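> no sequence for this one, just the structure:
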């Protein structure tokens, strides 16, 4: 990889704080590293606001597994100390399951974003229709009664959650740009999608489906 750095253990601890922060994002291999070097490396990544995951199988890896966001230990060859300190145990010592865990984690995040976008846009539409008809009607008659609104919400919550929960994960999710821990839940692109999906139904009869709807999967900036 262009711009990547490979370093050995005697060199890394001799770097000062500023040098470590500069090279840590480009560091691909830290050969012959000690448990202390792993701790330092994790602390620098956390200082940069990155989400850190570490694998470990030895007793010396316990402190590092505790301070990372996600700690992986191996179930067969790993020690009990490493297993207790980790968040996820690979029962058959197969590291390929880490890739699957990342893939399904991103699938879950995407489902949450889609669900929020769908719920907010439809609720805005329902509130606007109900408010406008109540104000415009001389008899203050609502287009949707309270019972109808509750029934719509029950139907939307149940079937939308089931649809998103059964949405399969794909390898394309691994191509997404990782989000930082401080990344906002709602992005500018999501606000645009929510506004667009809320405005379009307001110009149609609420019981007539639209011939076109923006894709909720395009809700994240740069994620896909």
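Yep, that arrived. Given the structure is predicted, the values throughout are model-derived calculations rather than measurements. Residues are numbered from 1 along each chain as shown.
> helix or strand right after the lengthiest helix in the chain?
When the chain is parsed with DSSP state H, its longest helix is helix 96-136. Downstream of helix 96-136, the next assigned helix or strand under DSSP states H and E is helix 146-165.
> residue 116: how many residues sit nearby?
Applying other CB atoms under 10 Å, we find 16 other residues in the vicinity of residue 116. Backbone N, C-alpha and C define where each C-beta goes, glycine included.
> give the contact list for it.
Residue 116 sits next to 185, 186 when contact means CB atoms under 8 Å, 6 or more residues apart in numbering.
> any idea of the pLDDT on it?
Note for residue 116: predicted pLDDT of 84.
> got it, and residue 220?
Per-residue confidence (pLDDT) for residue 220: 53.
> next: residue 104.
Looking at residue 104, its pLDDT stands at 88.
> wait, doesn't it sit right on residue 171?
No: when contacts are counted by CB atoms under 8 Å, residue 104 is not listed as touching residue 171 (11.7 Å).
> the two: which is more packed in?
Shown here are residue 104 and residue 171; by other CB under 10 Å, residue 104 has more neighbours (13 against 8).
> check contacts around the nearest residue to that one once chain neighbours are set aside.
Closest residue in space to residue 104, ignoring its immediate chain neighbours: residue 169 at 5.2 Å, by CB to CB, 6 or more residues apart in numbering. Taking CB under 8 Å, 6+ apart, we find residue 169 in contact with 100, 103, 104, 106, 107.
> out of those residues, which end up buried?
Buried members of the contacts of residue 169, counted by 16 or more other CB atoms under 10 Å: 103, 106, 107.
> tabulate these (JSON lines), appending distance to residue 24.
Output for the buried ones among the contacts of residue 169, formatted as JSON lines (distance: CB to CB, whole Å):
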{"residue": "103", "distance to residue 24": "25"}
{"residue": "106", "distance to residue 24": "24"}
{"residue": "107", "distance to residue 24": "29"}
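> now do the SS call for the residue nearest to residue 104.
coil (DSSP: H, G, I helix; E, B strand; the rest coil).
> same deal with the one 10 residues further on?
Of the three states, residue 179 takes coil according to three-state DSSP.
> tell me how many other residues crowd it.
Each residue near residue 179 was counted by other CB under 10 Å, and the total is 17.
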